[in-house]
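In: Attaching a predicted model along with its sequence, questions to come.
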Amino acid sequence: MDRVKETLKKEFNLKDFQVENTIKLIDEGNTIPFIARYRKEATGSLSDEVLRNFYDRLTYLRNLEEKKQDTIRLIDEQGKLTEEIKANIENATTLQEVEDIYRPFRPKRRTRATIAKEKGLEPLAKVISSNEVTDGDVEEYAKPYLNENVPTIEEAYQGAMDIIAEDISDDADIRKYIRSFTWNNGIIVTQALKEERSPYEMYYDYKEAVKTIPPHRILAINRAEREKYISVKIEIDSERIINRLIESKVNKASIFAEYYKKAIEDSYKRLIAPSMEREIRNTLTEKAEEKAIIVFKENLKSLLLQPPIKGHVVMGFDPAYRTGCKIAVVDETGKLLDTATVYPTPPQNDIENSKKVLKELIEKYNVTLIALGNGTASRESEMFIAELIKELSREVKYVIVNEAGASVYSASQIGTEEFPDINVSLRGAISLARRLQDPLAELVKIDPKSIGVGQYQHDVDQKKLGDALNGVVEDCVNSVGVDLNTASVSLLKYVSGINATIAKNIVEYRNQIGKFTNREQLKNVKRLGEATFTQCAGFLRILDGDNIFDSTAVHPERYETLENLLKKFGYKKEKLDRKKLKDFANSLEEYGLKKISEEYDIGLPTLYDIVSELKKPGRDPREDLPKPILRSDVMTINELKPGMELMGTVRNVTDFGCFVDIGVHTDGLVHISEMSQNYIKHPLDVVSVGDIVKVRVLSVDVERNRISLSMK
């Protein structure tokens, strides 16, 4: 097993076969959802999350190996490669280590040291750093180097010290020591550049240890610095570092000891310290970004997997002031029925006429739910809706829906293609209504970065964030499965193996034939070959097709085995319905899955999955999650009192706590210290976006519009 495989085996605590097979499956072009779901025997049932981490680490380690070989080649081409240098490079475990080793050999721009070398002062520098000369006159040693370019002894020694300073700065072991010391002992110090009020006031005079500062604070400090509210530096006991280097490098008996000491001090202060501060801060930022991306991923996953609300005609209500509230009514399948614009909010305050319009729409289309966006004018709109509901003859509830990204969808190409004849402003209301009916199907139409369930998402590496979030969407879409006959291009393009072009081709083919009746028809879709069919088929469902297995997550590659088992247990495929499918699954279990596994050469993990699917064909895994809170009346922040207990919906989770919608327009903050009686490392250990939680009001600041809550 090579070095990359050995590292992966150790870091992920895997067996040889898991590492070998997983790498092979990845290299063959299989997607992560496909490997996780349909190649469990090969991977030892690794989850999609582990597989994505494995893939990322595999990519890093391969890049590291490539960097090592390039570095060895470049040093060898200079004729400076030794066995020791080669061994150090090969044993390096990070790209930073390889960079440190290569540093002395990297072609340099013109520096004080290179100028000194051009003047012929390198031999003098070597004499000083050798520590071997313990008697004699220092001036005499410098005289042979004097010329028109080096007119004085002082300049000769200054040039020699410049060379030594750069050599020390390029020493990989010294940099490793200083990096570790700075990380463990450094203090992040911030100072105000402005005295004005801002969200960054806590950082106007702030100190915290480098090794313990939490990720969200790093990103906040970076933003405050970028917006020129504060200056930032790392404080460190530089004298301690310099003295340590002098002790390890300088022979006090040498006649050049003072020159060597000065070179070390200059090396640290002029060359090492500034680059180390940049490096440490970059490392802190990278770690903070990684953490922020993880939080965003978890929040997005929870949001996408919120349970759909089926069987309701929904009115989307996109609140606004001057331009009016946009209304859209959609049927149970999300088909647009009607639109309107009403003006119940300031400045018009046309409440009575707005009620009349909405009452007519509610009666005409039998609306049972109103999806209210939580943006501008939401509070006034909520009060209007609550008042309206009291006057209705039928039962209607409303739900506050996070409208982040709705405006992005409205003006997007997807929105234009779906509703070319509908005004841009009305598309947001359609999106809100559909978002309540099926969050996943609607949210996939929006760039995940625009959904707004992270912290500091605009401050992190946008490519890394985009890749990570796309992976989350892909995993969510494939874990739920997609109805082949209703799915949009936006949804289909996230299915394993399918890109945007093939997704469009699927929809075009579906339009031609009316609807898919079996999975085999996918092979008729342009550019959807055998390999793509293998990747995508199991995730695409046909609910009322020719083959009942097509309504399940059972992969077509297992159909032949299932048909043989049907014959064995006396079932006829053409007469199968959901009840008989469940009976068939029970028959398999009674016979013994281990026995079937051996007789039919099918792995036990796959067999367990198949039986589970046969028992609940087409089951939506989101059904088990808590449904959104349906409301009919409204509270205001002024009605809140400390000690009140309420039910709320988690809207966002951050490193420092979570924000909970308790129905008063302003989300309350549950600080991490108020989330559990026990110590918790991160809020995600306790809650996820979309969770319904019981909270107690701790304090209310009406003036600043802040609510503090507790889950204890």
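Out: Nice, thanks for sending it over.

In: can you pull the contacts of residue 572?
Out: By C-beta atoms under 8 Å, 6 or more residues apart in numbering, the residues touching residue 572 are residue 566. Backbone N, C-alpha and C define where each C-beta goes, glycine included.

In: any chance you could read off phi and psi for it?
Out: With angles defined as degrees, to the nearest 10, residue 572 sits at phi -110, psi 120.

In: do the same with residue 650
Out: Torsion angles, degrees, to the nearest 10, at residue 650: phi -70, psi 120.

In: neighbours of it, just the number please.
Out: By the criterion of other C-beta atoms under 10 Å, residue 650 has 25 neighbours.

In: beta partners for it?
Out: The bridge-partner assignment for residue 650, based on DSSP bridges, gives residue 660.

In: isn't it right up against residue 657?
Out: No. If you go by C-beta atoms under 8 Å, residue 650 and residue 657 don't touch, sitting 10.4 Å apart.

In: Domain ranges for the protein, per the record?
Out: 3-105, 112-296, 314-437, 500-623, 637-710 (automatic domain parsing).

In: okay, the ones you listed, which one's buried deepest?
Out: domain 314-437 (a mean of 19; mean count of other C-beta atoms under 10 Å).

In: Would you pull up how far it lies from the middle of the chain?
Out: Computed by C-alpha atoms, centre = their mean, to the nearest Å, the chain-centroid distance of domain 314-437 equals 31 Å.

In: what does the average pLDDT come to for that domain?
Out: When pLDDT is averaged over domain 314-437, the result is 92.

In: same thing with stretch 156-165?
Out: Mean predicted confidence for stretch 156-165 is 97.

In: contacts for that stretch?
Out: Outside stretch 156-165, the residues that reach it (C-beta under 8 Å, 6+ apart) are 111-113, 115-117, 119, 121-122, 124-125, 128-129, 138, 142, 145-146, 150, 259-260, 262-264, 266-267, 270-271.

In: Likewise for stretch 404-423?
Out: 318, 336, 339, 373, 424-428, 430-432, 435, 443, 445-447, 450-453, 488-490.

In: same check, this time on stretch 506-526
Out: In contact with stretch 506-526 (C-beta under 8 Å, 6+ apart) are residues 484-485, 488-489, 492, 498, 502, 505, 528-530, 533, 536-537, 540, 542, 545-547, 550, 556.

In: what about 6 Å?
Out: 484-485, 489, 492, 505, 528, 533, 537, 542, 545-547, 550, 556 (C-beta atoms under 6 Å, 6 or more residues apart in numbering).

In: How far off centre is that stretch?
Out: Using C-alpha atoms, centre = their mean, the offset of stretch 506-526 from its chain centre is 34 Å.

In: Using CSV, list the CA coordinates for that stretch.
Out: What follows is stretch 506-526, C-alpha atoms only, in CSV (Å, rounded to 0.1, in the frame of the first residue of the first chain):
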residue,chain,number,x,y,z
ILE,A,506,-34.7,14.5,-19.7
VAL,A,507,-37.4,17.2,-19.4
GLU,A,508,-37.5,17.6,-23.2
TYR,A,509,-37.9,13.8,-23.7
ARG,A,510,-40.5,13.7,-20.9
ASN,A,511,-42.5,16.5,-22.7
GLN,A,512,-42.3,14.4,-26.0
ILE,A,513,-43.6,11.1,-24.5
GLY,A,514,-46.0,12.6,-22.0
LYS,A,515,-44.4,10.8,-19.0
PHE,A,516,-42.0,8.1,-18.1
THR,A,517,-43.5,4.7,-17.5
ASN,A,518,-40.3,2.8,-16.7
ARG,A,519,-36.6,3.6,-15.9
GLU,A,520,-35.4,1.9,-19.0
GLN,A,521,-36.8,4.8,-21.0
LEU,A,522,-34.0,6.9,-19.6
LYS,A,523,-31.6,5.2,-22.0
ASN,A,524,-33.5,6.9,-24.8
VAL,A,525,-32.6,10.4,-23.5
LYS,A,526,-29.9,12.2,-25.5
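
In: Report the spatially nearest residue to the spatially most central residue of the chain, omitting neighbours in sequence.
Out: Central residue of the chain (C-alpha atoms, centre = their mean): residue 293, 3.4 Å from the mean position. Closest residue to residue 293 apart from its sequence neighbours, by C-beta to C-beta, 6 or more residues apart in numbering: residue 468 at 5.0 Å.

In: does the one you found really touch residue 291, like I thought?
Out: No. Using C-beta atoms under 6 Å as the test, residue 468 is too far from residue 291 to be in contact (11.8 Å).

In: Quick check: mean pLDDT of the helix ranked longest in the chain?
Out: Ordering each helix of the chain by length in residues (DSSP state H) puts helix 273-304 first. Averaging pLDDT along helix 273-304 yields 93.

In: And that helix, what does it pack against?
Out: helix 172-185, helix 215-226, helix 462-480 (3 or more C-beta pairs under 6 Å, 6 or more residues apart in numbering; DSSP states H and E).

In: Now do that helix and helix 215-226, the angle between them.
Out: If you take axes from the mean of the first three to the mean of the last three C-alpha atoms, to 10 degrees, helix 273-304 sits at 120 degrees to helix 215-226.

In: how near is the closest residue in space to residue 184 that isn't next to it in sequence to residue 183?
Out: Among residues not flanking residue 184 along the chain, residue 211 sits closest, at 5.7 Å (C-beta to C-beta, 6+ apart). According to C-beta to C-beta, to the nearest Å, residue 211 stands 6 Å off from residue 183.

In: ok now do residue 680, which residues does it touch?
Out: residue 686.

In: Quick check: it vs residue 672, distance?
Out: Distance of residue 680 to residue 672, computed by C-beta to C-beta: 7 Å.

In: Please apply the same query to residue 190.
Out: 22 Å.

In: same thing with residue 369?
Out: In terms of C-beta to C-beta, residue 369 sits 34 Å off from residue 672.

In: And for residue 95?
Out: 33 Å.

In: try residue 134
Out: 61 Å.

In: Could you do residue 105 as well?
Out: From residue 105 to residue 672 the distance is 47 Å (C-beta to C-beta).

In: which element is the closest residue in space to residue 593 that isn't next to it in sequence on?
Out: Ranked by C-beta to C-beta, 6+ apart and with sequence neighbours excluded, the top spatial neighbour of residue 593 is residue 607, at 5.1 Å. Secondary structure from DSSP states H and E places residue 607 in helix 604-615.

In: So which other helices or strands are in contact with that helix?
Out: Helix 604-615 packs on helix 578-591, helix 593-600, going by 3+ C-beta pairs under 6 Å, 6+ apart.

In: which residues of the protein score low on pLDDT?
Out: 1, 634 (pLDDT under 70).

In: Run through the residues that contact the closest residue to residue 275 other than its chain neighbours.
Out: Nearest residue to residue 275, sequence neighbours excluded (C-beta to C-beta, 6+ apart): residue 169, at 7.7 Å. By C-beta under 6 Å, 6+ apart, the contact set of residue 169 is 267, 271-272.

In: any chance of the residues you listed in CSV, with distance to residue 693 too?
Out: CSV is the format used below for the contacts of residue 169 (distance: C-beta to C-beta, whole Å):
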residue, distance to residue 693
267, 56
271, 53
272, 50
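
In: Considering those, which is situated nearest to residue 59?
Out: residue 272 (31.1 Å; C-beta to C-beta).

In: Grab the nearest non-local neighbour of the closest one.
Out: residue 169 (5.2 Å).

In: Repeat that for residue 604.
Out: Closest residue in space to residue 604, ignoring its immediate chain neighbours: residue 597 at 4.9 Å, by C-beta to C-beta, 6+ apart.

In: ok, the one you found touching residue 606?
Out: No. Counting by C-beta under 6 Å, residue 597 stays clear of residue 606, with 8.6 Å between them.
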